[in-house]
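**Student:** Turn this into a structure:
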Amino acid sequence: MPEESAINIPGAPAGEQPAVVEPTNPREPLPPKPDQQGPEAVSPTGSPTGAPEHSRAQSGQYLTTAQGTRLPDTDHSLKAGPRGPILLQDHHLREKITHFDHERIPERVVHARGAGAHGVFRSYGTAANLTRAGFLAKDVETPVFVRFSTVLGSRGSADTVRDTRGFSTKFYTDEGTYDLVGNNIPVFFIQDGIKFPDIVHAAKPHPDREIPQAQSAHDTFWDFVSLHTEAQAHTMWNMSDRGIPRSYRTMEGFGVHTFRLVDTEGATTLVKFHWKPKQGVHSLVWEEAQIINGMDPDFHRRDLADAIEAGAYPEWELGIQTFPDTEDQMFEGIDLLDPTKFVPEELAPVQPIGLMTLNANPVNYFAETEQVAFHPGHLVPGIDVTNDPLLQVRLFSYLDTQISRLGGPNFAQIPINRPQAPVNDMLRDGMHQTAVHAGVAPYRPNSLDGGCPFKAGADVGAFVDVPEEVAEAIKQRKNPASFDDHYSQPRLFFRSLTPVEQDHVIQAYTFELGKCYEKPVRERQLLALANIDASLCAAVARGLGMPAPEATEDVPDAQPSPVLSQLGKTWPVAGRVVGIVADESSDLEAVRDARKALNDAGIVPLVIAPSGGTLGGEDDGGIPVQRTYLTARSTEFDAVIVAGSAAPADDAEQGLDAKAGEPGVSLDPRVVLLLSEAFRHAKAIGAWGSGSAGVAAASIPNDAPGVVLGDSAGQVVPQIQELLAAHRAWERFPAATA
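**Tutor:** This next block holds a predicted model:
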């Protein structure tokens, strides 16, 4: 047997093995790996230059600007004191962010894969005492456009990867456009926006092979987050079920940052924004997500569009957590300017302030979903920003990136981005100028255009920046000491989950780290997990076949927050999808009754039959078939009902369908696969009549949790609806009863 060291296992991301601790001794960049070769070094006109092949790569031991000036720090923006605003003179920040913003054309660098929808937001008026924003006055209705997205993948990647999701809403208010640009996770990887290029470079595919696509299960991501431990809070959320949502319709949204609301008297309140889905917060299980990525990579896009088309309009309540706008901007020991921290709802309840309903799909994906441009600086009177150092950089970056992606400064004139309020901005010309401006004096003051446009005061709806006092401080690149706690919040999150959810977190970490080639990277991340929770670390280490390290930091405990768990509650079932397996042996009247009952509850019933067309003759009012045994898969359905014998169809042979089995079986192998997957994924399963025998033939116990057998549709369907309200029959997972 050859020694392990003599076996060349492909997959090493770098030319030599990394150290467990961050290297600090200056050295030249590593050479390329032996299997790598770049293009010949020739001139622009094809003449050989004689230069070494790798002479075009980076060189030198020290970090520099693009002009070669050495830098002492690239982790902190230049601020007016540790808690002060970021200074415009920060030339390194601007160079780093500007270059990053223009790395990709024309696709977004992040959030490239998205889905959008139109809708309306109706304000409850409950925030009217806190803000002068007109769209938050009682019963005001405002048109909106929402774009959901994944972060890491390209436009051609899959929907159900483990990733953070974007949740951005454009409010077309009569005071100007307001953009609430958020995610489905309330914390972020980094505390200072100057680190954004670093986290994205680490999470994106390795630059040598452009793999893996749309996932974080690789060395560069875990190398970065295990060294830059402020990322552990976001990573914990992403390794939970929140990283693989069931649907955009069952996904929370968060503004992430702390913002200010300003009332008519100028008084301010600090707030965090929350979107709460009316259908509840639900996720996929990991195997389900993997199957979907192969079977239907457009699953989330399709789900959103189909729900709107079916009239099952998705709804979210917008809510706010409110905090006194104190000088220290702390709340219950939590720094409100730290974007890696969230405030448990037990400490600050979320107060509903309005309802958003998405009721229309785009007419043209490119014109609307692809070209929509969001920006946290698109504000309206009554809403202002804070000195959160990540938000401060986003105020520059989002505007800058549109110039490259959308071809110039006039992106606000693209139809989906046009304000639905009068615009008189004195901005002229530029690429893609579609307005025909009149007048001769695009400047102020002027008399040639009659003095127009005129300055507005607060009395006529002007946006007035909050006159926040900036404390005297030393100009420096530094975070406040309150940003230093990187472990207590991921510990709080993990310990707030139920045992089955904790098992999913453990499996996610084990899978992701198991995909890392470098052992030192795995060791370093286990050290971080040891500081978060010893049992989590031990379980992941066991799965990796590695020893569990001891904690290196004394991390305080916190009271668990039950709101963080997705389990244990019931939710409306409208918009859920139920598959009904039926054939010519079925009681078609019972199938009709089941379809009607499900439809009346707002559930989408899809009939699955041996072949397409209809069940029953036209004279009998044939039932249309939406899926066949060939095209159906369990992952499309929230529950499955068997209303027929499910005998093998004509194409139930492996030569015709790889999912089919050997001939001679009593149940079609595709139906067996569908039922076994649904059972394994803890979905509700029902049957009546001959369908009960089909459930038994799939080796599903009649008395298992979430399995409903009966004599009629009237017995089975109501119980299936009740089970759907809890999303899954969680008792099937061993951890749920451990």
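**Student:** Check which helices and strands the worst-scoring helix or strand of the chain on mean pLDDT sits against.
**Tutor:** Every helix and strand in the chain was compared by mean pLDDT, DSSP states H and E; the lowest is helix 91-101, with a mean of 84. For helix 91-101, the elements it packs on are helix 196-203, helix 389-405, judged by 3 or more Cβ pairs under 8 Å, 6 or more residues apart in numbering; DSSP states H and E. Where you see a C-beta, it was placed from the backbone N, CA and C, and this is true even at glycine.
**Student:** Please state the offset of that helix from the chain centre?
**Tutor:** Put simply, helix 91-101 sits 25 Å off its chain's centre (Cα atoms, centre = their mean, to the nearest Å).
**Student:** Name the next helix or strand following that helix along the chain.
**Tutor:** strand 114-123 (DSSP states H and E).
**Student:** contacting residues around the least confident helix or strand of the chain?
**Tutor:** With Cβ atoms under 8 Å, 6 or more residues apart in numbering as the contact definition, helix 91-101 has outside contacts at 65-66, 71, 74, 77-78, 86, 109, 193-194, 196-197, 200, 393, 396-397, 400-401, 404.
**Student:** Low-confidence stretches in this protein?
**Tutor:** Along the chain, segments meeting pLDDT under 70 span 1-10, 35, 37-47, 53, 56, 104-105, 618-620, 654-656, 658-665, 735-738.
**Student:** right, and the helices and strands packed on helix 91-101 - which one's nearest E472?
**Tutor:** helix 389-405 (18.9 Å; Cβ to Cβ).
**Student:** what angle separates that closest one from helix 196-203?
**Tutor:** Helix 389-405 runs at 80 degrees relative to helix 196-203, counting by axes from the mean of the first three to the mean of the last three Cα atoms, to 10 degrees.
**Student:** after helix 389-405 comes which helix or strand?
**Tutor:** Sequence-wise, the next helix or strand downstream of helix 389-405 (DSSP H and E) is strand 475-477.
**Student:** Name the residues of stretch 207-221 that are buried.
**Tutor:** Buried residues in stretch 207-221, counted by 16 or more other Cβ atoms under 10 Å: P212, A214, Q215, S216, A217, H218, D219, T220, F221.
**Student:** Among those residues, which pair sits farthest apart?
**Tutor:** A214 and D219 (16.1 Å).
**Student:** re the thing from before, could you dump the helices and strands packed on helix 91-101 into CSV and include distance to Q58?
**Tutor:** Below are the helices and strands packed on helix 91-101 laid out as CSV (distance: least, Cβ to Cβ, whole Å):
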stretch, distance to Q58
helix 196-203, 13
helix 389-405, 23
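**Student:** Output these as CSV; include the columns distance to R592 and mean neighbour count.
**Tutor:** Putting the helices and strands packed on helix 91-101 into CSV (distance: least, Cβ to Cβ, whole Å; neighbours: other Cβ atoms under 10 Å) gives the following:
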stretch, distance to R592, mean neighbour count
helix 196-203, 50, 20
helix 389-405, 51, 21
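**Student:** N361 is nearest to which of those?
**Tutor:** Judging the helices and strands packed on helix 91-101 by Cβ to Cβ, what sits closest to N361 is helix 389-405, at 23.1 Å.
**Student:** That closest one versus helix 91-101: what angle between them?
**Tutor:** Using the same axes, to 10 degrees: helix 389-405 against helix 91-101 is 50 degrees.
**Student:** which residues are contacting helix 389-405?
**Tutor:** 76-77, 79, 85-86, 93-94, 97-98, 100-102, 104-109, 181, 188, 190-194, 196, 256-257, 337, 339, 373-377, 385, 409, 411, 479.
**Student:** could you redo the last one with a cut-off of 6 Å?
**Tutor:** By Cβ atoms under 6 Å, 6 or more residues apart in numbering, the residues outside helix 389-405 that reach it are 77, 86, 97-98, 101-102, 105-106, 192-193, 257, 339, 373, 375-377, 385, 409, 411.
**Student:** can you give me the offset of it from its chain's centre?
**Tutor:** 19 Å.
**Student:** Let me see the contact set for Y248.
**Tutor:** By Cβ under 6 Å, 6+ apart, the contact set of Y248 is F148, H300, L304.
**Student:** Narrow those residues to just the buried residues.
**Tutor:** F148, H300, L304.
**Student:** Looking at these, which is nearest V604?
**Tutor:** Distances from V604 to these, taken by Cβ to Cβ, are shortest for L304, at 13.0 Å.
**Student:** pretty sure that closest one contacts G114?
**Tutor:** No. With contact defined as Cβ atoms under 6 Å, L304 does not reach G114; the gap is 10.5 Å.
**Student:** Could you look up the SS state of I641?
**Tutor:** Here I641 is recorded as strand under DSSP: H, G, I helix; E, B strand; the rest coil.
**Student:** quick revisit: quick one, which of the helices and strands packed on helix 91-101 is nearest to E523?
**Tutor:** helix 196-203 (17.6 Å).
**Student:** related to what we said a few turns ago, export the buried residues of stretch 207-221 to JSON lines and append columns for distance to P32 and secondary structure.
**Tutor:** JSON lines is the format used below for the buried residues of stretch 207-221 (distance: Cβ to Cβ, whole Å; DSSP: H, G, I helix; E, B strand; the rest coil):
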{"residue": "P212", "distance to P32": "20", "secondary structure": "coil"}
{"residue": "A214", "distance to P32": "25", "secondary structure": "coil"}
{"residue": "Q215", "distance to P32": "24", "secondary structure": "coil"}
{"residue": "S216", "distance to P32": "24", "secondary structure": "coil"}
{"residue": "A217", "distance to P32": "24", "secondary structure": "coil"}
{"residue": "H218", "distance to P32": "18", "secondary structure": "coil"}
{"residue": "D219", "distance to P32": "16", "secondary structure": "helix"}
{"residue": "T220", "distance to P32": "16", "secondary structure": "helix"}
{"residue": "F221", "distance to P32": "21", "secondary structure": "helix"}
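**Student:** Would you tell me which of the helices and strands packed on helix 91-101 gets closest to P31?
**Tutor:** helix 196-203 (19.9 Å).
**Student:** got the contact list for the closest one?
**Tutor:** F100, V110, L152, F189, I190, S216, T220, F221, F224.
**Student:** let's see 7 Å
**Tutor:** Applying Cβ atoms under 7 Å, 6 or more residues apart in numbering, the external contacts of helix 196-203 come out as 96, 100, 109-110, 152, 189-190, 216, 220-221, 223-224, 231, 393.
**Student:** now for the helices and strands packed on helix 91-101, which one comes closest to E368?
**Tutor:** That would be helix 389-405 among the helices and strands packed on helix 91-101, by Cβ to Cβ, at 15.0 Å.
**Student:** about what we covered before: of all the helices and strands packed on helix 91-101, which one is nearest V581?
**Tutor:** That would be helix 196-203 among these, by Cβ to Cβ, at 40.8 Å.
**Student:** Would you mind measuring from the residue most central in space within the chain to V716?
**Tutor:** Residue closest to the mean C-alpha point of the chain, counted by Cα atoms, centre = their mean, is R165 at 1.0 Å. Plainly put, R165 is 34 Å away from V716 if you go by Cβ to Cβ, to the nearest Å.
**Student:** For stretch 182-195, list the C-alpha coordinates in PDB.
**Tutor:** This file holds the C-alpha atoms of stretch 182-195, laid out as PDB (Å, rounded to 0.1, in the frame of the first residue of the first chain):
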ATOM      1  CA  GLY A 182     -32.000  44.200   3.500                       C
ATOM      2  CA  ASN A 183     -31.300  40.500   3.900                       C
ATOM      3  CA  ASN A 184     -33.100  37.500   5.400                       C
ATOM      4  CA  ILE A 185     -30.500  37.400   8.200                       C
ATOM      5  CA  PRO A 186     -30.400  40.300  10.700                       C
ATOM      6  CA  VAL A 187     -26.600  40.300  11.200                       C
ATOM      7  CA  PHE A 188     -23.800  40.600   8.700                       C
ATOM      8  CA  PHE A 189     -20.300  39.000   8.200                       C
ATOM      9  CA  ILE A 190     -18.400  42.200   8.800                       C
ATOM     10  CA  GLN A 191     -18.500  45.300  11.000                       C
ATOM     11  CA  ASP A 192     -16.900  47.800   8.700                       C
ATOM     12  CA  GLY A 193     -17.700  48.100   5.000                       C
ATOM     13  CA  ILE A 194     -14.000  48.300   4.000                       C
ATOM     14  CA  LYS A 195     -14.000  44.500   4.600                       C
END
